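**Student:** Following is a predicted model, sequence given first.
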Amino acid sequence: MSIHGPQDQQRQDGDEPSVHEHRENHRYHVSSMAQYERMYRESVDDPAAFWGKLAQRLDWKVPPSPDRFLAYNFDPRAGPVRVMWMQGGITNACYNALDRHVLAGRGDKVAYYW
């Protein structure tokens, strides 16, 4: 099966996809390995604080409860294996991923490179 990319370059299944840099915005979320390590440590040591800051970037109908931000059980002897994030929070994924960007005047911008 052939696949055609954005520049109509044909490739075969199994070939490495071509990389098209997004040159419009070179703002990175992590600027160094040291920053990555700090962020990783915070995500492990205090996941509610770490993910809570990131969750503030989303629009919520009902924000998640900080005291019920993360609950998990990986031990099948203690009950069902589960991970529950942002309990009590209600949001609209489509609105956050697409609609709010269109409403902000960015409807003509590429939303996602695949």
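**Tutor:** Done, it's in.

**Student:** quick one: Gly88 from Glu42, how far?
**Tutor:** Gly88 sits 22 Å away from Glu42, going by CB to CB, to the nearest Å. The C-beta positions use only the backbone N, C-alpha and C, and glycine is treated the same way.

**Student:** And the strands in this protein?
**Tutor:** Secondary structure of the chain (DSSP state E): strands at 2-4, 10-12, 60-62, 70-73, 82-85, 90-91.

**Student:** Mind checking the pLDDT average for the third one?
**Tutor:** Spelled out, it's strand 60-62. Rounded to a whole number, the mean pLDDT of strand 60-62 is 95.

**Student:** Adjacent strands (with direction) for that strand?
**Tutor:** strand 90-91 (antiparallel) (DSSP bridges).

**Student:** With adjacent residues omitted, what lies nearest to Leu70?
**Tutor:** Nearest residue to Leu70 in three dimensions, chain neighbours excluded: Pro47, at 5.0 Å (CB to CB, 6 or more residues apart in numbering).

**Student:** Pull out the buried residues from stretch 46-59.
**Tutor:** Ala48, Phe50, Trp51, Gly52, Ala55, Leu58 (16 or more other CB atoms under 10 Å).
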